[in-house]
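[1] Predicted model and sequence below, questions to follow.
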Amino acid sequence: NTEHAQVLVLALAFAAVWSPQNCMAPNLTQMAESFHFSENQRDIYLGANIALATGVLSIPLSAGLGFVADVVHSRKTLLALTVAMTGLSSLLTGLSSTNYSCLYVSRFVCGGCMAGGLPIAF
C-alpha cells in the first residue's frame, strides 16, 4: 500500500508541475487583450517568445536541477522544492496580467522546473 501511495503522490506532483504548460495556450487571445497586444504581437510575444523561454532558455536551469539531484542528500526535499517553485511560478503567471517581464520570468522558471523534475524523480 505504501508503494501505491508513493506512486500516487509522484503522479500528483508531476500533474502539478506539467499542468501550467497547457493552461496558458487556450487563453492567448485574452492575454493579448490584457497586454494590449496586436495579433502579430500576440503571436510573437505570447506564442514564440514565451515558448522559447519555457522550452529552450530554461535548459540551463533544468540541467542545474539535474546536477543538484545527483549531489543532494534528499531528493524528496528537492522534488518538493521544485514542485513549490513551479506552483509559485504558475501563480505569478496568473497574476502577471499587466507585466510581461513577470510573465516571461515565471514561464522560464516553470519550464526549468518542468524539465528539471524528471532527473530528480528518476
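    Good, I have the coordinates. These numbers come from a predicted model, not from an experiment.
[2] Would you map the strands across this protein?
    Secondary structure of the chain (DSSP state E): no strands present.
[3] Tell me which residue is most central in it.
    residue 110 (1.9 Å; CA atoms, centre = their mean).
[4] Nearest residue to it in space, ignoring adjacent ones along the chain?
    residue 89 (4.2 Å; CB to CB, 6 or more residues apart in numbering). Yep, even glycine has a C-beta here, placed from its N, CA and C like the rest.
[5] distance of residue 94 from residue 68?
    The gap separating residue 94 from residue 68 is 27 Å, by CB to CB, to the nearest Å.
[6] go on, residue 95?
    From residue 95 to residue 68 the distance is 28 Å (CB to CB).
[7] Comparing those two, which shows the higher neighbour count?
    residue 68 (16 against 12; other CB atoms under 10 Å).
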